[in-house]
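Asker: Just need the structure, nothing else, for what follows:
(one chain, ligands or ions: 1)
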Amino acid sequence: MAVSSFWLLAIFSLFFGHGVLHVDASHHVYRNLQTVSSASSYQPYRTAYHFQPPQNWINDPNGPMYYKGVYHLFYQYNPKGAIWGNIVWAHSISKDLVNWTPLDHAIQPSQRSDFYGCWSGSATMLPGGRPVILYTGIIDAKNSQVQNLVMPKNLSDPYLREWVKAPKNPLMAPNSANKINATSFRDPTTAWLGKDGWWRVLVGSKRDSRGMAILFKSKDFVNWVQAKHPLHSAKGTGMWECPDFFPVLSESPSGLDTSVNGPDVRHVLKVSLDDKKHDYYLIGTYNAAKDNFIPDSGFESYVLRYDYGKYYASKTFFDEGKNRRILLGWMNESSSEADDIKKGWAGIHAIPRAIWLHKSGKQLVQWPVEEIEKLRTKPVNWPTKVLKGGELLQVTGVTAAQVDVEISFEVNELRRAETLDKWVDPQDLCSRKGAAAKGGMGPFGLLIFASKGLQEYTAVFFRIFRLQSKHLVLLCSDQSRSSLKKDNDLTSYGAFVDVDPLNEKLSLRTLIDHSVVESFGGEGKAVITSRVYPTLAINDKAQLYAFNNGTADVKITRLSAWSMKKAQIN
Ligand code: DQQ
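Answerer: Numbering: from 1, shown residues only. Have a look, this model is predicted:
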């Protein structure tokens with residue numbers, strides 16, 4: 001294949017240290033602040049086991065892969081400050097997806113096709129297990145975008161420390177013939193190989209306000225031609241950033257290599273909607289002969305999300321070592337830019353999640369990778385107990401600012417469920433009915449980062465409603481009282497969880513980590529992540545409670561909590 005020859009020939013200068021970008025559709029741009037970093041010594045919000053570098057700004061996970069027993073994570077990074085800008089691909093490696101070691105930056109501006117920045121992209125394994133990366137290069141101060149290829153310099157290095165740019169870069173570019181706007185042409189996916197011997201890759205784009213995943217095809221991974229039609233597009237959705245397209249099995253949680261297709265396979269298309277700043281996904285059928293993707297009915301309105309809180313620009317990869325598909329995502333801060341500069345850093349990554357299709361075929365399910373359980377220590381387990389209406393029980397014996405907690409509730413009648421006249425947006429419902437609003441069946445759940453006098457807390461809870469003859473289970477993450485400092489983003493988040501409240505348990509797992517509340521409801525059917533910055537409930541001043549602010553009693557059938565050890569995160 002042509003690819004193996006070009007990287008051997010390529011010797012390029014690595015660092016150009018090029019200046020500041022000018023406009024970006026995705027992030028606030030403060031040119032004068034992009035090189036400012038002034039970390040203060042007051043650091044109660046740094047994470048103990050969620051991925052983050054020692055300082056500065058990070059955003060999207062890029063090119064994750066498993067190579068020769070090592071996990072690779074690249075990410076968008078500003079080496080000069082705590083605000084988005086000066087973007088390079090930073091690189092960390094791990095043996096377990098929990099403990100991470102930093103390496104030198106893998107891709108930095110150095111050639112005409114990326115002088116102004118190295119934006120997001122993905123890795124693909126070529127036959128024989130040779131990894132390559134496609135990424136977006138920024139070629140001018142207007143943020144015009146092209147797609148570039150890099151190859152590892154030394155395939156026998158499992159750490160893949162050095163990457164060589166293809167001499168033929170850029171390999172995909174907008175032109176008048178393909179009618180692509182140069183500032184809306186980015187974030188190539190992992191490529192997949194069809195039975196016809198052609199590689200396919202998607203690039204995020206839009207035409208007017210129609211979001212689209214443009215399809216390119218290649219026989220040799222170097223020469224790419226644009227397909228006549230996008231793989232999929234949708235009116236009114238705006239720019240599609242960081243598309244991801246992958247197969248899932250209809251009857252099993254096992255993962256699949258991105259090129260696999262067949263009768264038991266469904267496909268998932270995820271798009272990060274720039275206008276909404278959320279990651280939406282569609283489940284459907286990929287027709288390889290026609291190269292189109294038809295979403296199942298019910299997905300037209302872009303409703304299903306990976307995470308109903310703060311979570312964006314995610315990307316999956318196939319973990320061949322454990323036969324699973326892993327999802328990585330970026331969580332931005334909820335604090336002001338001024339506070340980010342003060343603390344000297346911004347952005348973290350979620351705990352890597354295994355992701356698979358629920359047996360109903362109607363939604364995906366996510367669960368933190370099992371390796372994270374290695375950090376669990378000093379278990380606390382409660383016997384089954386009734387949590388009376390109005391009751392608050394402290395979970396003692398754990399480090400409440402750094403804990404993994406699983407709680408399950410059982411209800412045995414629904415008479416006191418509050419009535420809804422019509423369907424209501426779950427986030428609006430959570431904003432109107434926070435933890436302090438007394439209900440019938442709920443709110444019941446956890447008070448996290450609670451201060452001693454409850455002046456501060458973040459509440460994650462269930463609340464059951466009746467809508468006509470059906471019952472709806474709402475999961476909320478209520479940040480309205482998370483901090484006495486009111487200039488943070490205190491938006492409450494919510495999602496309906498597809499569980500039958502009488503016949504299934506209402507389970508919640510929450511990973512709590514200093515400024516992170518990452519919650520998995522209904523065994524991973526609904527996920528909500530929040531970033532919070534308590535002023536009183538920090539470190540050993542934080543407390544954890546189970547609470548019930550409804551009138552009906554509920555039963556806690558399980559409460560298990562573990563203090564979490566610190567991981568090596570760079
Ligand atoms: N972030 C990158 C872009 C992408 C956006 C720039 C999504 O490639 O579209 O840092 O957060």
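Asker: For Trp345, grab the count of nearby residues.
Answerer: Residues contacting Trp345 under the criterion other C-beta atoms under 10 Å number 22. Bear in mind the C-beta positions are built from the backbone N, C-alpha and C, glycine included.
Asker: does it have beta-bridge partners, and which?
Answerer: Taking DSSP bridges as the rule, Trp345 bridges to Asn56.
Asker: Now do it against Lys565, distance only.
Answerer: Going from Trp345 to Lys565 by C-beta to C-beta, to the nearest Å gives 22 Å.
Asker: With His229 instead?
Answerer: 51 Å.
Asker: quick check: domain ranges of the chain?
Answerer: 58-368, 375-564 (automatic domain parsing).
Asker: these two touch, right, Tyr77 and Trp89?
Answerer: Yes: the pair Tyr77 / Trp89 is scored as a contact, 7.3 Å apart, by C-beta atoms under 8 Å.
Asker: where do the contact lists of these two overlap?
Answerer: Residues touching both Tyr77 and Trp89 (C-beta atoms under 8 Å, 6 or more residues apart in numbering): His105.
Asker: Around the ligand, which positions in the stretch 101-250 of the chain sit nearby?
Answerer: 119-120, 136, 186-187, 241-242 (C-beta under 6 Å from any ligand atom).
Asker: The chain too?
Answerer: Close to the ligand, as judged by C-beta under 6 Å from any ligand atom, the chain has residues 26, 59-60, 76, 87, 119-120, 136, 186-187, 241-242, 312-313.
Asker: Which entry within the residues you listed corresponds to the minimum pLDDT?
Answerer: Minimum pLDDT for those is recorded at Ser26 (50).
Asker: Would you give the sheet partners of the one helix or strand Thr557 maps to, along with the direction of each?
Answerer: In the assignment (DSSP states H and E), Thr557 maps to strand 554-564. Here strand 554-564 has these sheet partners by DSSP bridges: strand 376-382 (antiparallel), strand 385-387 (antiparallel), strand 402-410 (antiparallel).
Asker: winner for burial among these?
Answerer: Comparing the strands paired with strand 554-564 by mean neighbour count (mean count of other C-beta atoms under 10 Å), strand 402-410 comes out on top with a mean of 21.
Asker: thinking again about what came up before, now, the most widely separated pair of the residues of the chain next to the ligand?
Answerer: Spatially, the most separated pair among the residues of the chain next to the ligand is Thr136 and Tyr312, at 16.3 Å (C-beta to C-beta).
Asker: Pick out whichever of those two has more residues nearby.
Answerer: Set Thr136 next to Tyr312 and count neighbours by other C-beta under 10 Å: Thr136 wins out with 27 against 22.
Asker: Now the phi/psi pair for the more buried one, please.
Answerer: In terms of degrees, to the nearest 10, the main-chain angles of Thr136 are phi -90, psi 130.
Asker: cool, Lys541 as well?
Answerer: Note on Lys541: backbone dihedrals following degrees, to the nearest 10 are phi -90, psi -10.
Asker: Would you check that it makes contact with Lys452?
Answerer: Yes: contact criterion C-beta under 8 Å: Lys541 and Lys452 qualify, at 7.3 Å.
Asker: More neighbours: these two, which one.
Answerer: Per other C-beta under 10 Å, whichever of Lys541 and Lys452 has more neighbours is Lys541, with 17 against 11.
Asker: Next, the contact list for that one, please.
Answerer: Taking C-beta under 8 Å, 6+ apart, one finds 451-452 in contact with Lys541.
Asker: Could you list the low-pLDDT ranges of the stretch 1-150 of the chain?
Answerer: Applying pLDDT under 70 to the stretch 1-150 of the chain flags residues 1-34, 36-39.
Asker: can you give me the strands for it?
Answerer: 56-67, 70-78, 88-94, 101-107, 118-126, 130-138, 145-152 (DSSP state E, counting those that start in this stretch).
Asker: can I have the helix or strand where Leu269 lies written out in PDB, keeping just the CAs?
Answerer: Element membership for Leu269, per DSSP H and E: strand 265-273. The C-alpha coordinates for strand 265-273 follow below in PDB (Å, rounded to 0.1, in the frame of the first residue of the first chain):
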ATOM      1  CA  VAL A 265     -25.300  -5.300  12.900                       C
ATOM      2  CA  ARG A 266     -26.900  -1.900  13.400                       C
ATOM      3  CA  HIS A 267     -25.100   1.400  12.900                       C
ATOM      4  CA  VAL A 268     -24.800   4.400  15.100                       C
ATOM      5  CA  LEU A 269     -24.200   7.900  13.800                       C
ATOM      6  CA  LYS A 270     -23.200  10.500  16.500                       C
ATOM      7  CA  VAL A 271     -22.900  14.100  15.800                       C
ATOM      8  CA  SER A 272     -21.800  17.000  18.000                       C
ATOM      9  CA  LEU A 273     -24.200  19.800  17.300                       C
END
